[in-house]
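In: Pasting a predicted model and its sequence here:
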Amino acid sequence: MKAIGIVRKLDRLGRIVIPMELRRTYDLQIGSPVEIFVDGRGIVLRKHQPYCIFCGETEDIMQIHEKNVCKACLDAIRTYPLR
């Protein structure tokens, strides 16, 4: 992880403000979903990117019954023989 020298304090509700420069760099708009991970001894924030529940692909994603599925997996499901 790269240190960038920005320190922020938590408010009473446990919130922090992500600096404007970082929001611009990573295209974080108001309402953008952000994922929170624990990595060893640190906390990692990452802009959420939808991915296919079957293969993990992040391109050509569509939602089916609130689940993300890529076009390739959807095509594979459509051609899967029923028993």
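Out: Received it, and whenever you're ready, just let me know what you need. Residues are numbered from 1 along each chain as shown.
In: which non-adjacent residue is nearest residue 43?
Out: residue 36 (6.6 Å; C-beta to C-beta, 6 or more residues apart in numbering). In short, each C-beta sits where N, CA and C put it, glycine included.
In: How about the contacts made by the one you found?
Out: 43-45 (C-beta atoms under 8 Å, 6 or more residues apart in numbering).
In: Show me where this structure dips below the pLDDT cut-off.
Out: 1 (pLDDT under 70).
In: Would you format the contacts of residue 36 as a markdown table with secondary structure included?
Out: As requested, these are exported to a markdown table (DSSP: H, G, I helix; E, B strand; the rest coil):
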| residue | secondary structure |
| --- | --- |
| 43 | strand |
| 44 | strand |
| 45 | strand |
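In: Tell me where the protein has helices.
Out: 20-25, 71-79 (DSSP state H).
In: want to throw those helices into a markdown table with distance to residue 50?
Out: Shown next, in a markdown table, are the helices of the chain (distance: least, C-beta to C-beta, whole Å):
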| stretch | distance to residue 50 |
| --- | --- |
| helix 20-25 | 20 |
| helix 71-79 | 13 |
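In: can you redo those as JSON lines with mean neighbour count and distance to residue 9?
Out: Formatted as JSON lines, those follow (neighbours: other C-beta atoms under 10 Å; distance: least, C-beta to C-beta, whole Å):
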{"stretch": "helix 20-25", "mean neighbour count": "11", "distance to residue 9": "16"}
{"stretch": "helix 71-79", "mean neighbour count": "12", "distance to residue 9": "44"}
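In: Residue 55 is nearest to which of those helices?
Out: The closest of the helices of the chain to residue 55 is helix 71-79. By C-beta to C-beta, the value is 5.7 Å.
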